[in-house]
Structure formats: C-alpha cells, structure tokens
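Chemist: What follows is a protein structure lacking sequence information:
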C-alpha cells in the first residue's frame, strides 16, 4: 500500500499497482491519457475510481517528476 491512493498486493492482479479499493490498474489511467482520452472518459469506463483518486495520483506523479528534474 502507498497511502490510501494506490494498493500493491500480490493477491490483487498479481501485485499490479491499482487504485485503492478497486481492481483498476493505475497504468490504465496513464494509458488512457497517453491515448488522448480525458479523465471523464476514464471515469465513465471505471466508475469505481473517484475523481479525487485520479487528481491525487496526477498531483503526486507531477511532484515526483518535478523533484526528479531538479
């Protein structure tokens, strides 16, 4: 578990990082965004993931990228 945002558990999708409380891989969001889909489209297809989870993940990813670039 990484906070209450992402869960990594060998019993859930063989340890793939998923949004906490779901079986939706975090990589699926990244794939949607890379493919040009919107957050709303992702959320329509994966309603178990909340907008708060998506925004928190993107904020943390941005922070890590900015920190790594410094």
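Modeler: Arrived safely, thanks for sending. These numbers come from a predicted model, not from an experiment.
Chemist: quick one: contacts for the residue most central in space within the chain?
Modeler: Note on the chain: the residue nearest the mean C-alpha position is residue 26, at 3.4 Å, using C-alpha atoms, centre = their mean. The contact partners of residue 26, by C-beta atoms under 8 Å, 6 or more residues apart in numbering, come to 6, 17-19, 57. For every residue, glycine as well, the C-beta is placed using N, CA and C.
Chemist: ok, of these, which come out buried?
Modeler: 6, 17-19, 57 (16 or more other C-beta atoms under 10 Å).
Chemist: Can you flag which of those residues belong to helices?
Modeler: Judged by DSSP state H, helices contain the following of the buried ones among the contacts of residue 26: residue 57.
Chemist: Can you list the low-confidence ranges for the protein?
Modeler: Flagging of the chain using pLDDT under 70 yields the residue ranges 1-3.
Chemist: go with 80
Modeler: Under the criterion pLDDT under 80, the flagged ranges of the chain are 1-3, 69-70.
Chemist: show me where it has helices.
Modeler: With DSSP H as the criterion, the chain has helices spanning 26-34, 39-45, 51-69.
Chemist: out of those, deepest packed?
Modeler: Counting by mean count of other C-beta atoms under 10 Å, helix 26-34 has the highest mean neighbour count of those, with a mean of 16.
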